[in-house]
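[1] Prediction below, plus the sequence it came from.
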There are 4 protein chains.
Amino acid sequence: MDYKEVITQIYNDVKPLFGQGKVADYIPALANVDPHQYGIAVATVDGQIMGVGDYRTKFSIQSISKVFTLVMVLRHMGSSLWQYVGREPSGTAFNSLVQLEFEQGVPRNPFINAGALVITDKLMQLYAKPKEAILQFVRSVADTPDIYFDTAVAHSELEHASRNLALGHFMKSFGNIANDVDTLMDVYCHQCGIAMTCEELAKSFVFLANRGVNPYNDEQILSMSRSKRLNALMLTCGFYDESGDFAFRVGMPGKSGVGGGIVAVIPGRLSIAVWSPELNPHGNSIMGMETLERFTTDLGVSIF
Amino acid sequence: MDYKEVITQIYNDVKPLFGQGKVADYIPALANVDPHQYGIAVATVDGQIMGVGDYRTKFSIQSISKVFTLVMVLRHMGSSLWQYVGREPSGTAFNSLVQLEFEQGVPRNPFINAGALVITDKLMQLYAKPKEAILQFVRSVADTPDIYFDTAVAHSELEHASRNLALGHFMKSFGNIANDVDTLMDVYCHQCGIAMTCEELAKSFVFLANRGVNPYNDEQILSMSRSKRLNALMLTCGFYDESGDFAFRVGMPGKSGVGGGIVAVIPGRLSIAVWSPELNPHGNSIMGMETLERFTTDLGVSIF
Amino acid sequence: MDYKEVITQIYNDVKPLFGQGKVADYIPALANVDPHQYGIAVATVDGQIMGVGDYRTKFSIQSISKVFTLVMVLRHMGSSLWQYVGREPSGTAFNSLVQLEFEQGVPRNPFINAGALVITDKLMQLYAKPKEAILQFVRSVADTPDIYFDTAVAHSELEHASRNLALGHFMKSFGNIANDVDTLMDVYCHQCGIAMTCEELAKSFVFLANRGVNPYNDEQILSMSRSKRLNALMLTCGFYDESGDFAFRVGMPGKSGVGGGIVAVIPGRLSIAVWSPELNPHGNSIMGMETLERFTTDLGVSIF
Amino acid sequence: MDYKEVITQIYNDVKPLFGQGKVADYIPALANVDPHQYGIAVATVDGQIMGVGDYRTKFSIQSISKVFTLVMVLRHMGSSLWQYVGREPSGTAFNSLVQLEFEQGVPRNPFINAGALVITDKLMQLYAKPKEAILQFVRSVADTPDIYFDTAVAHSELEHASRNLALGHFMKSFGNIANDVDTLMDVYCHQCGIAMTCEELAKSFVFLANRGVNPYNDEQILSMSRSKRLNALMLTCGFYDESGDFAFRVGMPGKSGVGGGIVAVIPGRLSIAVWSPELNPHGNSIMGMETLERFTTDLGVSIF
């Protein structure tokens, strides 16, 4: 199948939709992004890469980074991880403290902010230099050394981290955070501030479509079973409180970020990354969601 | 692949697990079921049927009936249905009123009790004789006339329906229930009290593995797109607040009931029904969950 | 002190405030009340009665009836009652189900709807003819035989009782309601539909200012200790989720109803009833609240 | 009335109750307090002081300090304060984040931890040296220069402040905290760590029984009206989620702390401070509650 033709067609059809959403504005560094940007990239399990539009422009991956840190921690801890964080959809907004209070500081899943903080906390216990380790891992799966923290974004996040600091201290009060919360927040804001292109993101997720194997160097990053399970988790929890709707309409495992990026996989075939900064009220890229819904429809390749 | 051999092997391996759970005891008619029963049936899209154990014993399908009524209503209302009920995992126990209060009487999805009551309420507006219509539909998809209400179960449910009556009256106070709540409860308790075998259940779900087409009479029950979307909904919401965990461990769309039955599908291939009355604390059959986890592992056919 | 002069002055000052609130509109029988009515009556512990404005017009006492039924049940059950209903402010809106779910069907206090239903349920176990018993009790404390149910209001309430039916069935699911919920609702809607005047209400509450003794016939209705405790309960819980604010601004124990009536007491001195149908968003009479705030300020007799 | 005789009698009757509760153990500095201590002091509006037991032993006043800071801020801000913090009972445990989330960062009242943090935050904007200002105010109302921070307690609190840090950052995320949260926590932990005796506490609260006037120097600390309103607030909110029960059983406005101290007032007459470190599950001193219930019963002076 000619994926390039498919995404080019979608790109042309969806591009007129600019102007329907709102760029994330909780930090200045994101609020100032030009909203009228849009890119798509596809990476296949047999090593092809193709893209359209702004697919080689760097943007802030934000919550997409939660998948990378989860993979890093899962490799070390395996299923012992699940006593510290659940695997169930959250059912409420992505930064809710209510659920945490009723469930004694154990977040529902690793993709809500609270859960991602638990993962980063574990990662800090596994690596002496956690920020360097994260960059190194992402460069490896993306098959390129050209990946860095956008420190302006990271510092801006740190200055507006009240809600995440509240989550961190709250979980620490239940004993579910080991590190100093300020240090944890520094690592977390840096991971969220990683800048990548659609092309790099597509490449970095293709191992999840390839039974856990990085096709660029044949490294088994996760076992086949664990790779499939991670896909299941992305399907049920990857899109905040819009996860059910995304599964219903699109049917691909994936992860979104408030920078406007979304990455999704079709198991056995490919990964696809799309980016456009305008968000819907759930914090997901409007044009990204539309792109992926059309992509599965056009390809007729829903996992269901 | 020799499915009969696979399920026979699983049956023999899992059977020693009797005694780890608790039969549903909220109504006498269910509490008195012999716990040491266990059956598995598989129905393939090309029309094969096979089973093992108590796969021809009738049991109370309970919440599995929610899939049948949803299909019936979706056929008539299409996507206009989704203004009355959501498509998101609930994140809390299956009969929670808290979520309903915060979301103004609109249940999170059609598989929690509140959502299923909304569906049955709609069905009562579509059919003059809703109970007969339900039986007729189930007989048609199960390809057998031998399906009835267990009226002892239905009446026992009606006598212990306080929680569901609360849900019904509560949603009516928000204007999201049109019928008289007592009449609604009568229909609902009857649909939950349908008695079926694993064999019949497997047959009645195989259209969802077959792009919406009933293989026994080639009827297009749902469009291909709608059939896939229903599978997505079962994956994210079919197992109460254990849905995420089931997707993670098993990776099949499906639906469980407190009678101890579970039906699941592998799109493009087959449906599988398993029944054993002992439940885990989430209300799902312990041996059923174990059976399905082994089934996907043995077949290596996760959708992910 | 010349109370007549005080309330006449307040009446003249407050009367221009008509038009700031909204008459209760959840049932037609209340929605049709003329909003521009306003009356005040004072009953002193030494037997004086005085009033101004529409103080001899009957109106629907609604939640004020909760005090009467509580007194009736307390007389029989004493402190054994408190295992079925709490004595703490509810902290949330007066018909919330959330709190009930977290506290296993035990309402926070007898003045929220759920708690009042528990009280009426107990009353039905104490009296063979509960509706007659309630009327008889109210006539006795009000020192007049001329008190009846407004059956038009009662029946209208019954037709719009979805929320209260939800509360009743929900508590029954926890085992905290003994009677049939429909029968309970009939009694409850009748008690809420009692029609009384300000004069009658002031007289019927004066025993709570008089250490539990009805000054009209010297009957000890409640022990002195229990009478004081009931006042404490009215102070902390008598005004829905505006109780704290009422205590802060007015400092009198009292009870309000959505019919626009409020009764309050100054221990050792008097009871005062005020009525005007326009409500604030919390369901309390705007002019009633204003009247009572001025009354304690003018008299300088706060309990604090 | 011979208050000394009354409290001596109560002291002797209640003293055998040692051993029924648990000393606060969330910080080592409090956990190590000898549980078998018990003191009572009374200060009358006409300047008498009397005490029994350990009434001259210093202990950690903890949440009782919330009254002092509230008075300090009320004097400057008046009713403009109430847009930042409510006046309603909280209905849930004293450090709940749930309510804060639903009410957009505005705490229910100044006596739950979240509300007290808002008060201290305001105080920091009013005073350049807030810690010194607090000490100076407390020394003034207690009529003694001998009052200090127990810095061991304050530092221990700071090291175990995760829950309060979560509250602070959470409210800051809603814009309801102006200062740096770490600096705020330093001031807050110091105010909680003030060490006082029963005698000093009774003296420091007597202005609230005296229409706002400090009887030791005739200073009008609060207006009469504001003083009465503060008493109302203590009655409805002063004892965490046991406030309703305390009003019901005791009927005095007051404030408790997890150090085991309670201060309460009888308007127009006196203040009483009692201290014993063993707490009930709500965080209130068991022997303190018992003492105050007996005190009002013996005196027959409930405000109701």
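    Looks like it came in fine.
[2] Give me the distance between A:V118 and D:E159.
    22 Å (CB to CB, to the nearest Å). Every residue, glycine included, has its C-beta placed from N, CA and C.
[3] Which of the helices and strands in chain A ranks last by mean pLDDT?
    helix A:98-102 (a mean of 79; mean pLDDT, DSSP states H and E).
[4] Which residues are in contact with the residue in the stretch 151-300 of chain A that chain C sits nearest to?
    Chain C sits closest to A:F174 of the stretch 151-300 of chain A, with a gap of 18.3 Å, by CB to the nearest CB. The contact partners of A:F174, taken as CB atoms under 8 Å, 6 or more residues apart in numbering or on different chains, are A:100, A:104-106.
[5] and with 7 Å instead?
    Counting by CB atoms under 7 Å, 6 or more residues apart in numbering or on different chains, A:F174 touches A:104-105.
[6] On the pLDDT front, check it for me.
    pLDDT recorded at A:F174 is 95.
[7] follow-up on the earlier one: higher neighbour count, A:V118 and D:E159?
    A direct count of neighbours by other CB atoms under 10 Å in any protein chain shown for A:V118 and D:E159 places A:V118 higher, at 26 against 12.
[8] Tell me, how many residues neighbour the closest residue to the more buried one other than its chain neighbours?
    Computed as CB to CB, 6 or more residues apart in numbering or on different chains, the closest residue to A:V118 that is not its neighbour in sequence is A:V85, at 4.8 Å. For A:V85, the count of nearby residues is 24 (other CB under 10 Å).
[9] For the stretch 1-150 of chain A, give me the ranges with low pLDDT.
    A:91-95 (pLDDT under 70).
[10] how about 50 then?
    The stretch 1-150 of chain A contains residues with pLDDT under 50 at A:94.
[11] Residue of it nearest chain C, please.
    For the stretch 1-150 of chain A and chain C, the shortest gap (CB to the nearest CB) falls at A:F102, measuring 8.4 Å.
[12] next one: stretch A:6-23 to chain centre, how far?
    Centroid displacement of stretch A:6-23 relative to its chain, using CA atoms, centre = their mean, to the nearest Å, is 21 Å.
[13] typed the wrong thing, it's stretch A:287-304
    Taking mean C-alpha positions (CA atoms, centre = their mean), stretch A:287-304 and its chain are 18 Å apart.
[14] at contact distance from chain B, anything in that stretch?
    Yes: applying CB under 7 Å from any CB of the partner chain, one finds stretch A:287-304 touching chain B at A:302-304.
[15] which ones among those residues are found in helices?
    Of those, none are assigned to helices by DSSP state H.
[16] Save these as a markdown table, and put in distance to chain C too.
    Output for the residues of stretch A:287-304 next to chain B, formatted as a markdown table (distance: CB to the nearest CB, whole Å):
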| residue | distance to chain C |
| --- | --- |
| A:S302 | 37 |
| A:I303 | 36 |
| A:F304 | 34 |
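[17] Got a ChimeraX select line for the buried ones in these?
    Burial among the residues of stretch A:287-304 next to chain B is assessed by 16 or more other CB atoms under 10 Å in any protein chain shown; the matching ChimeraX selection reads:
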select /A:302,303,304
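[18] So the residue lying closest to A:G212 once chain neighbours are set aside, which state does it fall into?
    Spatial nearest neighbour of A:G212, excluding adjacent residues (CB to CB, 6+ apart): A:S227 at 3.4 Å. The three-state assignment at A:S227 reads helix, by DSSP: H, G, I helix; E, B strand; the rest coil.
[19] residues near A:S227, how many?
    Neighbour number of A:S227 under other CB under 10 Å is 23.
[20] Next: A:L17.
    A:L17: 15 neighbours (other CB under 10 Å).
[21] Need the nearest residue in space to it, chain neighbours excluded.
    That would be A:M287: by CB to CB, 6+ apart, it lies 5.6 Å from A:L17.
[22] Next: A:S60.
    A:S60's closest residue in space is A:G259 (CB to CB, 6+ apart), at 3.8 Å.
[23] I'd assumed A:Y188 was in contact with A:A161.
    No: A:A161 is beyond contact range of A:Y188, at 8.2 Å (criterion: CB atoms under 7 Å).
[24] Neighbour count for these two, which is higher?
    Counting neighbours by other CB under 10 Å for A:A161 and for A:Y188 shows that A:Y188 has the greater number, 29 against 23.
[25] that's a helix at that one, yeah?
    Yes: looking at A:Y188 with three-state DSSP, it is inside a helix.
[26] Which residues are in contact with it?
    Applying CB under 7 Å, 6+ apart, the residues near A:Y188 are A:117, A:120, A:164.
[27] Pull up the gap between the residue of the stretch 1-150 of chain A closest to chain C and C:K4, please.
    55 Å.
[28] ditto for A:V141
    86 Å.
[29] swap in A:L235?
    74 Å.
[30] Neighbour count: these two, which is higher?
    More neighbours surround A:L235 than the other of A:L235 and C:K4, with 31 against 14 (other CB under 10 Å).
[31] Mind jotting down where the helices sit in the stretch 51-200 of chain A?
    A:65-77, A:98-102, A:113-126, A:130-142, A:151-159, A:162-173, A:181-192, A:198-205 (DSSP state H, counting those that start in this stretch).
[32] shouldn't A:L117 be in contact with A:L167?
    Yes: using CB under 7 Å, A:L117 is in contact with A:L167, at 6.0 Å.
[33] More neighbours: the two, which one.
    Counting neighbours by other CB under 10 Å for A:L117 and for A:L167 shows that A:L167 has the greater number, 32 against 29.
[34] Next, A:Q37: secondary structure please.
    coil.
[35] Get me the contact residues on the stretch 1-150 of chain A for chain D.
    A:96-98, A:101.
[36] Columns distance to C:R269 on top of those residues, output as a markdown table?
    Listed next are the residues of the stretch 1-150 of chain A next to chain D as a markdown table, based on distance: CB to CB, whole Å:
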| residue | distance to C:R269 |
| --- | --- |
| A:S96 | 49 |
| A:L97 | 47 |
| A:V98 | 45 |
| A:E101 | 45 |
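[37] are any of these buried, and which?
    A:96-98, A:101.
[38] mind listing what the spatially most central residue of chain A touches?
    Geometric centre of chain A, nearest residue: A:I64, 1.6 Å, by CA atoms, centre = their mean. By CB under 7 Å, 6+ apart, the contact set of A:I64 is A:201, A:255, A:257, A:261, A:263.
[39] Next step: those restricted to helices.
    A:L201.
[40] how about A:G51, what does it touch?
    A:39-41, A:198-199.
[41] next one: A:L235
    Contacts of A:L235 by CB under 7 Å, 6+ apart are A:247, A:253, B:235, B:247.
[42] Quick check: it is in a helix.
    Yes: membership of A:L235 in a helix is supported by three-state DSSP.
[43] ok, the closest residue to A:I266 other than its chain neighbours to B:N231 distance?
    Leaving aside its chain neighbours, A:I266 sits nearest to A:V301 (5.5 Å; criterion: CB to CB, 6+ apart). Applying CB to CB, the value for A:V301 to B:N231 is 14 Å.
[44] Can you pick out the residue with more neighbours from those two?
    Higher neighbour count among A:V301 and B:N231: B:N231, with 27 against 16, using other CB under 10 Å.
[45] The more buried one: which element?
    Element membership of B:N231 [criterion: DSSP states H and E] is helix B:224-237.
[46] Can you give me the buried ones in that helix?
    Going by 16+ other CB under 10 Å, helix B:224-237 has these buried residues: B:225-237.
[47] Pipe those into CSV and attach pLDDT per row.
    Formatted as CSV, those follow (pLDDT from 0 to 100):
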residue, pLDDT
B:S225, 92
B:R226, 94
B:S227, 95
B:K228, 93
B:R229, 93
B:L230, 96
B:N231, 96
B:A232, 95
B:L233, 95
B:M234, 96
B:L235, 94
B:T236, 92
B:C237, 93
